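Chemist: Could you look at this predicted model? Sequence included:
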Amino acid sequence: MLQIEQIRPELTWRLRQRVLYPDSKLYEMEMEEDNHGYHFGAFQNNELVAVVSLFQNGTDFQFRKFAVDAPVQNMGIGKMLLNYIMDFAITEGADRIWCNARVTAIGFYLRYGFERTGTLFSKGGFDYEIMEKKLLTKS
């Protein structure tokens, strides 16, 4: 059974490193903005298997550092975590959610209603495209 909970930012770092930046040091996983965001973890059998960080700017929400542990990829955990943060953002008044998607993950986001913006960039040896989804705020 999968449980999703809000977690402290430092709990995201080890999985963030293992999945997204295996050649980096653990201390390099901390982001300056970590203390200003929401952080969520998906637990399977009490083991942290996926993480994501969510940052609010008015009705605009950006999620970053979305990582699902390799042994449990393609099992629907990413989908559940993505749906969870979209619901959370809607509850908080979001009308848009977006991310800097690695080019290798674009297909994943397209399946869940995200749209390509055409804004491409490279950073840290990875290629990204900004992807977004308009949300219907609950009123």
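Modeler: Okay, I see it.
Chemist: buried set for the longest strand anywhere in the chain?
Modeler: Secondary structure of the chain per DSSP state E: the longest strand is strand 47-57. Neighbour counts using 16 or more other C-beta atoms under 10 Å place Leu48, Val49, Ala50, Val51, Val52, Ser53, Leu54, Phe55 of strand 47-57 among the buried residues. All C-beta atoms are positioned from the backbone trio N, CA, C, and that covers glycine.
Chemist: got a list of contacts for it?
Modeler: 2, 7, 9, 11-12, 15-16, 31, 33-34, 36-43, 61-69, 72, 77-78, 81-82, 85, 88-89, 92, 94 (C-beta atoms under 8 Å, 6 or more residues apart in numbering).
Chemist: Just the buried subset of those, written out for PyMOL, thanks.
Modeler: Selection of buried members from the contacts of strand 47-57 for PyMOL, criterion 16+ other C-beta under 10 Å:
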select buried, resi 2+7+9+12+15+16+31+34+37+38+39+40+41+42+61+62+63+64+65+66+67+68+69+72+77+78+81+82+85+88+89+94
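Chemist: for this protein, longest helix please?
Modeler: helix 77-91 (DSSP state H).
Chemist: Run through the neighbouring helices and strands of that one.
Modeler: Contact partners of helix 77-91 among helices and strands, from 3 or more C-beta pairs under 8 Å, 6 or more residues apart in numbering; DSSP states H and E: strand 2-6, strand 38-44, strand 47-57, strand 60-68, strand 96-102.
Chemist: Many thanks, I have nothing further to ask.
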